[in-house]
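Fold the following, please.
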Amino acid sequence: MRLRAALAATILLLPVFACSNGETTEVLFVGNSYTFGNDLPGMFSDLAESGGRSVKVGMEATGGWWLRDHVASEATSNAIASREWDYVFLQEQSIVPSVQNERVNSMGPAVADLATQVREVGATPGLFLTWARKGGFPEVGYGSYQPMQDATTNAYIGIGETQSMTIAPVGVAWSLVLIDHPEIFLFMNGGSHPTLHGTYLAACVFYATVFGESPVGLEYDGDLGPDVSGILQTAAADVVLNDQANWNLKPSSD
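Okay, the predicted model is just below:
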């Protein structure tokens, strides 16, 4: 059964599906409600099945948590050490990357600590580059979405380069859809959390990031219909696969 909401950290392991190359890719998602909302790991798994991929996914996510909370969490450390993960993706609290003091003093050290834990178990550490808030963050000078997104994107890229980490550029794909297809609603009321459309877009970005392969044409549409899902699949493919060096992607094993 899908996780549709959660308030405490949890691990989710989904079934293994048949795949074209006989290998199983294991991915752990570490974050907060941006990760567990609409069950992002489950959507990613459904896309993988649709693409003939075998995956196992796990999740350690608690509402409102910063990555520094995961550093201090025994449950997160145990989750990282619990399996031979291929990837562990880290998602920071949504405002933190755009605020210089928090980015430098909290996010950077937390990512470094968690990335070390991930590498110790032989996995590839990754970053879940999130989207900005719909109305920006006026309290620190971001009066609209795009300036906050630019700051968030630059923060993830900078830390990713410093730590040599793979980046899943969800927020960059989000910007593309907002510009080209404003009729598709990615934000829930409140302008922060994702609708099903937003989570499906994120899942498509993770598919392209992990497998180095376009999600365009995959049958699984997240109950959005082929027209809308096709737009989101294409946006994810364009952002991820047209700038692979920027996201430090591994070469595809296919």
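
Buried residues in stretch 227-235, which are they?
Buried residues in stretch 227-235, counted by 16 or more other CB atoms under 10 Å: 228-235. In short, each C-beta sits where N, CA and C put it, glycine included.

mean confidence for that stretch?
What stretch 227-235 shows for mean pLDDT is 98.

roughly how far out does it sit from the chain middle?
Computed by CA atoms, centre = their mean, to the nearest Å, the chain-centroid distance of stretch 227-235 equals 17 Å.

before we move on, back to that, quick one: which of the buried residues of stretch 227-235 is nearest to Val210?
Nearest to Val210, judged by CB to CB, of the buried residues of stretch 227-235 is Gln233 at 14.8 Å.

which SSE is the closest one in?
Using DSSP states H and E, Gln233 maps to helix 226-241.

Tell me the helices and strands packed up against that helix.
helix 170-180, helix 196-211 (3 or more CB pairs under 8 Å, 6 or more residues apart in numbering; DSSP states H and E).

Show me what the last one is packed against.
Secondary structure elements in contact with helix 196-211, counted by 3+ CB pairs under 8 Å, 6+ apart, are strand 24-31, helix 40-50, strand 166-168, helix 170-180, helix 226-241.

For Val118, which of these is the nearest?
Nearest of the helices and strands packed on helix 196-211 (CB to CB): strand 24-31, 8.4 Å.

Which SSE is immediately downstream of that closest one?
Per DSSP H and E, the first helix or strand lying C-terminal to strand 24-31 is helix 33-36.

hang on, the earlier thing: let me have the helices and strands packed on helix 196-211 in a markdown table, extended by distance to Gly136.
As requested, these are arranged in a markdown table below (distance: least, CB to CB, whole Å):
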| stretch | distance to Gly136 |
| --- | --- |
| strand 24-31 | 21 |
| helix 40-50 | 23 |
| strand 166-168 | 22 |
| helix 170-180 | 13 |
| helix 226-241 | 21 |
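
With Ala123 as the reference, name the closest of those.
Across the helices and strands packed on helix 196-211, closest to Ala123 is strand 24-31 (CB to CB), at 7.6 Å.

Just the residues contacting the closest one, thanks.
16, 35, 40-41, 44, 48, 53-61, 65, 67, 70, 76, 79-80, 83-92, 114, 123, 128, 206, 210-211 (CB atoms under 8 Å, 6 or more residues apart in numbering).

Of the residues you listed, grab the buried ones for PyMOL.
Only the buried entries of those go into this PyMOL selection, using 16+ other CB under 10 Å:
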select buried, resi 35+40+41+44+48+53+54+55+56+57+58+59+60+61+65+67+70+76+79+80+83+85+86+87+88+89+90+91+92+114+123+128+206+210+211
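
Where does pLDDT dip in this structure?
Filtered on pLDDT under 70, the chain yields the residue ranges 1-22, 251-254.

centroid residue for it?
Per CA atoms, centre = their mean, the C-alpha nearest to the average position across the chain is that of Phe128, at 3.6 Å.

From Asp223, how far out is that one?
23 Å (CB to CB, to the nearest Å).

re the thing from before, out of the helices and strands packed on helix 226-241, which one sits most buried?
helix 196-211 (a mean of 27; mean count of other CB atoms under 10 Å).

in the chain, which helix has the most residues?
Secondary structure of the chain per DSSP state H: the longest helix is helix 145-163.

Out of the contacts of strand 24-31, which sit inside strands?
If you go by DSSP state E, these have 54-61, 87-90, 128 in strands.

Dump those into JSON lines; add distance to Pro138 as well.
Listed next are the ones in strands among the contacts of strand 24-31 as JSON lines, based on distance: CB to CB, whole Å:
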{"residue": "Ser54", "distance to Pro138": "46"}
{"residue": "Val55", "distance to Pro138": "40"}
{"residue": "Lys56", "distance to Pro138": "42"}
{"residue": "Val57", "distance to Pro138": "36"}
{"residue": "Gly58", "distance to Pro138": "36"}
{"residue": "Met59", "distance to Pro138": "32"}
{"residue": "Glu60", "distance to Pro138": "32"}
{"residue": "Ala61", "distance to Pro138": "27"}
{"residue": "Tyr87", "distance to Pro138": "35"}
{"residue": "Val88", "distance to Pro138": "34"}
{"residue": "Phe89", "distance to Pro138": "29"}
{"residue": "Leu90", "distance to Pro138": "27"}
{"residue": "Phe128", "distance to Pro138": "25"}
